[in-house]
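K.L.:
coords below, sequence missing:
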Ligand SMILES: Cc1ncc(COP(=O)(O)O)c(C=O)c1O
Ligand SMILES: N[C@@H](CCOP(=O)(O)O)C(=O)O
């Protein structure tokens, strides 16, 4: 299996190099050169397997010879052993044909743990073999950062720098990033929004002397391995609802388009997914793009679902690559337009391709709060604001096909929003009960690239 860049001008790589590289050297994102299909019988045989066994079967064809079979099985087992639910990703029923896929039982209480815990294991195994070291940089609107710090803290051959928008993540998210004491992890509060942080990360990758000098690696969903790990729970949910013999739709609270893109890959592998529904908050660039064809940024607006406060949605580039017939030059041109003029128009053919698979919807701040309170009153389930955006949009799209909404974070990560919606403050799990007593360690930076690079150079362990 080879991986190719969405901009068509970077060398094709194997799985290991793709994982350790992050962003392609032409600025694009890596994708497999073909998606290995699963037959109906293979999908049916997933029923009854543990989450870890399903993960092995689904991901194995993508990793080539990077890991031996037994090693890969044991890395998967280690990745998920710290999850607080035996099913890892349990399904709850909200209404007769509407299900909630709870993805927040990992160590940092968000869906990011599914991929980050696994790539933490995969990085360690690959680096132990090569005796190499890397500097991980990541941008976060709150959840990726805490998951990355949790997965990589304390490792000898990895330094981690996480950029988050100062004042725009919840207190729990910030403290998850700023309280770990391990000296290889660094939380950096940047003056700006998430898009500023993500642009800085991409600028560091595109500065080859810096990139090669510090051995940069990325763990945002620009990293293909992140997307791959997230494919698994689409299968686990669909199979438990009757796939491959019954189709399922998914509604996905969306920001950077990584999670829903994993659903797209599952569909390409043969999982019968009828529709993938993009649910956005008031930062609705993807909803506008899918409904009008215009992908136009208009500034990040802070919301009660802050992890989705994103306008430049990284992984949309991967969907565009397929929508434009895998024409890397066409994608590169769109991305240049985005950079120079803040937007682009999707061609009619590409839009039709996308609309075949994706529909979209948006939840206002009021609709998000009302959904938290109504779902709690009707079902006792407490939704985080991101999951509530998903449930609101899913409810506009219910049909005879079972609908699964992804619950992407635990409500206790966003206690203020949840309390103001339903009057009760959700409690953190016992193991995090002292989060607000732990000392914080954070560096505030202006968002200047040179200052940031100097800070990273000065803090990596030699
Ligand atoms: C809780 C939560 N929900 C939804 C999302 C959106 O996911 P994606 O960026 O993969 O679209 C994020 C951030 O990525 C998140 O942290
Ligand atoms: N919502 C994310 C934003 C970064 O997304 P990623 O999936 O590309 O890492 C976050 O919580 O940080």
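P.N.:
Sure thing, it's come through. Treat the numbers as computed from the prediction; the structure is a model and nothing was measured. Ligands and ions are numbered 1, 2, ... in the order given.

K.L.:
confirm that residue 274 sits in a strand.
P.N.:
Yes - under DSSP: H, G, I helix; E, B strand; the rest coil, residue 274 sits within a strand.

K.L.:
pretty sure it is touching residue 251, no?
P.N.:
No - applying CB atoms under 8 Å as the test, residue 274 and residue 251 come out as separate, 11.7 Å apart. For every residue, glycine as well, the C-beta is placed using N, CA and C.

K.L.:
and the two? Which one has more around it.
P.N.:
Shown here are residue 274 and residue 251; by other CB atoms under 10 Å, residue 251 has more neighbours (32 against 17).

K.L.:
what separates the more buried one from residue 281, distance-wise?
P.N.:
Distance, residue 251 to residue 281, by CB to CB, to the nearest Å: 13 Å.

K.L.:
check residue 228 too.
P.N.:
According to CB to CB, residue 228 stands 26 Å off from residue 281.

K.L.:
those two - which one has more neighbours?
P.N.:
A direct count of neighbours by other CB under 10 Å for residue 228 and residue 281 places residue 281 higher, at 30 against 24.

K.L.:
quick one, what contacts that one?
P.N.:
By CB atoms under 8 Å, 6 or more residues apart in numbering, the residues touching residue 281 are 303, 304, 305, 308, 309, 362, 363, 365, 368, 385, 386, 389.

K.L.:
return the member of the residues you listed nearest to ligand 2.
P.N.:
Using CB to the nearest ligand atom, the shortest approach to ligand 2 within these belongs to residue 308, at 6.3 Å.

K.L.:
ok, that closest one to ligand 1 distance?
P.N.:
5 Å (CB to the nearest ligand atom, to the nearest Å).

K.L.:
give the contact list for the nearest residue to residue 77 once chain neighbours are set aside.
P.N.:
Nearest non-adjacent residue to residue 77, counting by CB to CB, 6 or more residues apart in numbering: residue 52, 5.5 Å away. Neighbour list for residue 52: 73, 76, 77, 80, 88 [criterion: CB under 8 Å, 6+ apart].

K.L.:
distance of residue 52 relative to ligand 2?
P.N.:
22 Å.

K.L.:
repeat that for residue 433.
P.N.:
Separation of residue 433 from ligand 2 (CB to the nearest ligand atom) stands at 23 Å.

K.L.:
now do residue 249
P.N.:
Applying CB to the nearest ligand atom, the value for residue 249 to ligand 2 is 22 Å.

K.L.:
cool, residue 377 as well?
P.N.:
Going from residue 377 to ligand 2 by CB to the nearest ligand atom gives 28 Å.

K.L.:
isn't residue 260 up against residue 254?
P.N.:
Yes - the pair residue 260 / residue 254 is scored as a contact, 5.3 Å apart, by CB under 8 Å.

K.L.:
okay, and the common contacts of those two?
P.N.:
Contact criterion CB under 8 Å, 6+ apart; residues shared by residue 260 and residue 254: residue 278.

K.L.:
please identify which of those two sits among more neighbours.
P.N.:
The neighbour comparison of residue 260 against residue 254 (other CB under 10 Å) goes to residue 254, with 33 against 29.

K.L.:
confirm the residue nearest to residue 77 sits in a helix?
P.N.:
Yes - assigned with three-state DSSP, residue 52 falls within a helix.
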